[in-house]
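Colleague: how would this look folded up:
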Amino acid sequence: MTTAVAHDDHHHGAPSGIKRWLFSTNHKDIGTMYLIFALVMLFLGGGAAMLIRAELYMPGLQILDPDTYNNMVTNHALIMVFGVVMPAAAGMANWMIPMMIGAPDMALPRLNNLSFWLLPFGAAMLIISMFAPYFPGGGTAVNTGWTLYPPLSIQAGMGMDFTIFTIHILGISSILASINIVTTIVNMRAPGMSWFKLPLFVWAWLLTGLLLIMVMPVLAGGVTMLLFDRHFGTAFFDAAGGGDPVLFQHLFWFFGHPEVYVLLLPSIGILGMVVPTFSRKPLFAYKPLVYSMMCLTALGMVVWAHHQYTVGMSQTVTTYFMIGTILISIPVGYMLFSFIFTMWRGSMSFETPMLFAVAIVLMFSFAGVTGVMLAVVPADLQYHDTYFVVAHFHYALIPGALFGIYAGTFYWLPKWTGHMYNERLGKIFFWWTTISFNMTFFVQHFSGLAGMPRRIVDYSPIYMEFNVISSIGAFAFGLSHLLFLYIIIQTVRGGKKAGDKPWDGAQVGTPGLEWTLSSPPPFHSFETPPLVK
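Modeller: Below is the predicted model:
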C-alpha cells in the first residue's frame, strides 16, 4: 500500500520546489538526483585525475608535493568508484527498473530517499579529508592509495578518519539501495512476468545488489578494525602488536574485487538493452547470458587474492587464485560473443548509444587480454605495481563501466527528459572520448612493461615520451566532458520532442522498436503493468 501512496503523493498536492526533492519518495525524482550527484562528482574526480596527469607530464616535481600527489591518487579512485559509477548506475536502476517490471515505484520508497541523501554527506566528508592537513594537528594527507593499506593508513593524519567515515556512509547507502532494488525485483514484478522474461538490465541489477549486500560489510569491518588500530590501541593490522597487515589486504580485496563486477554488471545490463535495439534483433542467447552473469558473480567472489600475489602466500593458494582468475575469462568472453552475435546480420544503425556499445565490446576485450596476462603468477610478479596494471584496470573500468553509463545516458535521455539530444554532438562526444581515452591509457601498457612504478610522483626521464602522450590524451579526455555536460543541459532545456518510443525506427525505413527488447520478446512495452495472459 505504501508504495502506491508514495507514488500518488507526487500527483495530488505533492510538495513542490525544494521540498519535492528533499522528501521525495518518487523513484524517478530520486533517480534524477543520483544522476546529477554522479555528474557533479565526475568533474571532481576528473579534476583530481587532471592534476595527476599535469604532474606526470614531465619528470621532476611540477605542481604537487609527494603527499598531495598521493592524496589526489587516493581521492580520484574513491570519488570515481563510490561517487560516480555506483550512483550513476543506481540512478538508472531507480529510473528504469520499476518501469521495466511494471511496478508503480520501488518497494521501499522512504529507504530510497535515505539511501540517496546519505551520499552528499559522505562526499562532503571525503572533500573535508583532502583539507585535513591544514587543520591544527591534522597530520599528513591520506596518502595510501584507495586500497588504504596499513601500516601507512595507521600512521596517516586526521584525514584518514574522515575517509573511514566516508566509506561507512557511502557503504550504508549502497547496502540500503541494494536491499531496495533486490526487494523490488523479487516482489513487485507484474503478474505473468517470470524470471526469464526480465530485461537484462534488471538481471544485472539483481546480481549487483546481491553482490553489494554480501561484500560491502566486509570492507566496513576492515576499516572499523583500522579505526580501532588508529585510536583504541588494538593491533589487528599492526605487526609490532602481533597483528597482520596482510589480513587487511584480504578484507579489502574480498570487497575490492567483487566491487569491480559491481561497476561492470550494470553496464552489461545496459548493453543488453542498447545492442538489441539498434541491431533490430532480440538479444542472442538470453538465458545463457543470464547464467554467465551469475557465473561471473559467483567466481568474482572467490578470486580476490589475485591482487596479492606478491605478499608471500603459499604456492597452493596462489595457484588456486590464478586458475580461478583465468576461469573468469570464460563468462566474460561469452557475454562479449553474445553481444557480437546479436549484432551479426542485424539491421544495424549507429546512433550514439550504439557507438558506445560497440566501443565497449572492442575495448573491454582488450582489458580481458591484459587481465589474463596479469592473472598468471610469474608474469604478474613482473607487472605488479607498474603502470601496466593502471592501464589494465582503466581499460576495464572506463569502457566497461563509464562508457556503459554514457550509452545508457544517451539511450534513456529522451525517456527521462521528453526531448531528443543533439545526435551530431553525441557522435562528436563519442569519437572525442574514445580517441583521447586510448591515447591516455594505451601507452601506459608500454611504460609499465618497461618498469615504470605506479603511485609515485616522479619518474626516470626514460619514460618521458609515453607520459607526455598520456597527459595530452588525458587533458583531451577531461575536456570532452564539458561537451557531455552541454549536451545534457541542452536536452533537459528543450529540443526535438521525443515520442513514446524515441528509438522507433531510429532511421527512416527501419522496422519499429520497443523500448525494452529482451529474448523471448516481451508481449508488452513495460509502460503499464500487463494483463495476465
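Colleague: distance from the chain centre to stretch 147-161, please.
Modeller: Its chain's average C-alpha position is 25 Å from that of stretch 147-161, according to CA atoms, centre = their mean, to the nearest Å.
Colleague: could I get the buried residue list for it?
Modeller: Neighbour counts using 16 or more other CB atoms under 10 Å place 147-154, 156-161 of stretch 147-161 among the buried residues. All C-beta spots, glycine's among them, are computed from the backbone N, C-alpha and C.
Colleague: now the strands: where do they sit in this protein?
Modeller: Under the criterion DSSP state E, the chain contains no strands.
Colleague: which one is residue 313 nearest to, not counting chain neighbours?
Modeller: Counting by CB to CB, 6 or more residues apart in numbering, the nearest residue to residue 313 once its immediate chain neighbours are dropped is residue 305, at 6.5 Å.
Colleague: so the one you found is in contact with residue 250, correct?
Modeller: Yes. Residue 305 is in contact with residue 250 according to CB atoms under 8 Å; the separation is 6.8 Å.
Colleague: who's in contact with residue 308?
Modeller: Under the criterion of CB atoms under 8 Å, 6 or more residues apart in numbering, the contact partners of residue 308 comprise 246, 249-250, 253.
Colleague: where do the helices sit along the stretch 351-500 of the chain?
Modeller: In order along the chain, the stretch 351-500 of the chain carries the following helices (DSSP state H, counting those that start in this stretch): 352-375, 377-383, 387-397, 404-417, 423-449, 464-493.
Colleague: including mean neighbour count, mean pLDDT and distance to residue 35, could the ones you listed go into CSV?
Modeller: Converted to CSV, the helices of the stretch 351-500 of the chain look like this (neighbours: other CB atoms under 10 Å; pLDDT from 0 to 100; distance: least, CB to CB, whole Å):
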stretch, mean neighbour count, mean pLDDT, distance to residue 35
helix 352-375, 21, 95, 16
helix 377-383, 15, 95, 36
helix 387-397, 22, 97, 19
helix 404-417, 24, 94, 8
helix 423-449, 19, 96, 17
helix 464-493, 17, 96, 9
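Colleague: for residue 502, find the nearest of those helices.
Modeller: helix 404-417 (3.6 Å; CB to CB).
Colleague: tell me the helices and strands packed up against the closest one.
Modeller: Secondary-structure packing of helix 404-417 (3 or more CB pairs under 8 Å, 6 or more residues apart in numbering; DSSP states H and E): helix 27-55, helix 86-101, helix 245-279, helix 352-375, helix 423-449, helix 464-493.
Colleague: quick one: distance of the longest one to the chain centre.
Modeller: Using CA atoms, centre = their mean, the mean C-alpha position of helix 245-279 is found 7 Å from that of the whole chain.
Colleague: buried sites along it?
Modeller: By neighbour count with 16+ other CB under 10 Å, helix 245-279 contains the buried residues 245-246, 248-279.
Colleague: helices or strands next to it in the packing?
Modeller: Using 3+ CB pairs under 8 Å, 6+ apart as the contact test, the elements touching helix 245-279 are helix 86-101, helix 200-231, helix 286-300, helix 315-343, helix 352-375, helix 387-397, helix 404-417.
Colleague: 7 Å instead, please
Modeller: The contact analysis (3 or more CB pairs under 7 Å, 6 or more residues apart in numbering; DSSP states H and E) places helix 245-279 against helix 86-101, helix 200-231, helix 286-300, helix 315-343, helix 352-375, helix 404-417.
Colleague: identify, out of these, the most deeply packed stretch.
Modeller: Mean neighbour counts were taken over the helices and strands packed on helix 245-279 using mean count of other CB atoms under 10 Å, and the top value, a mean of 26, falls to helix 86-101.
Colleague: which secondary structure elements does it contact?
Modeller: With contacts defined as 3+ CB pairs under 7 Å, 6+ apart, the secondary structure elements packing on helix 86-101 are helix 27-55, helix 158-187, helix 200-231, helix 245-279, helix 404-417.
Colleague: who does the second one touch, helix- and strand-wise?
Modeller: Under the contact criterion of 3+ CB pairs under 7 Å, 6+ apart, the helices and strands touching helix 158-187 comprise helix 86-101, helix 109-131, helix 200-231.
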